[in-house]
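> need coordinates for the following:
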Amino acid sequence: MLMPLPATLSALVADYEKLAAEQAPDDELHGQRIRDLTYTLCVSTGTRTIDDALTTARTYLNTHITGTFAPAA
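Numbers count the residues shown, from 1 in each chain. Here you go, the predicted model:
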């Protein structure tokens, strides 16, 4: 499977985590951005849920620190 550049994937994860931590329940732009990031992370990691996407992204990014890749089970 093709994966995005580590810098790109890292930025997507950081953006998602930042927006997920913000309190903006009535802000449509905020909600759309979260949905867009969720979709992009899922497509980028070949997963169907944001939890799986974040786990896969973190595992993949960790390989660039440790040099070993072990796909999530």
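> can you tell me the closest non-neighbouring residue to residue 16?
residue 37 (4.4 Å; CB to CB, 6 or more residues apart in numbering). The way it works is simple: take the backbone N, C-alpha and C, and place the C-beta from them, glycine included.
> next SSE downstream of the helix or strand hosting that neighbour?
Element membership for residue 37 (DSSP states H and E) is helix 28-45. Helices and strands here follow DSSP H and E; after helix 28-45, the next one along the chain is helix 50-66.
> between that next one and helix 28-45, how many degrees?
60 degrees (axes from the mean of the first three to the mean of the last three CA atoms, to 10 degrees).
> now for helix 50-66, which elements pack on it?
Contacts defined by 3 or more CB pairs under 8 Å, 6 or more residues apart in numbering; DSSP states H and E place helix 50-66 against helix 6-21, helix 28-45.
> now those in a markdown table, with mean pLDDT, mean neighbour count and distance to residue 64?
Output for the helices and strands packed on helix 50-66, formatted as a markdown table (pLDDT from 0 to 100; neighbours: other CB atoms under 10 Å; distance: least, CB to CB, whole Å):
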| stretch | mean pLDDT | mean neighbour count | distance to residue 64 |
| --- | --- | --- | --- |
| helix 6-21 | 94 | 14 | 5 |
| helix 28-45 | 95 | 15 | 15 |
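> closest one to residue 58 among those helices?
Among the helices and strands packed on helix 50-66, helix 6-21 comes nearest to residue 58, with 7.1 Å by CB to CB.
> about what we covered before: reformat the helices and strands packed on helix 50-66 as a markdown table; add distance to residue 62.
Shown next, in a markdown table, are the helices and strands packed on helix 50-66 (distance: least, CB to CB, whole Å):
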| stretch | distance to residue 62 |
| --- | --- |
| helix 6-21 | 10 |
| helix 28-45 | 13 |
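> on that earlier part again, in contact with the residue nearest to residue 16, which residues are there?
12, 15-16, 19 (CB atoms under 8 Å, 6 or more residues apart in numbering).
> tell me the SS of the residue sitting furthest away from the middle of the chain?
In the chain, counting by CA atoms, centre = their mean, residue 26 sits farthest out from the average C-alpha position, at 23.1 Å. Here residue 26 is recorded as coil under DSSP: H, G, I helix; E, B strand; the rest coil.
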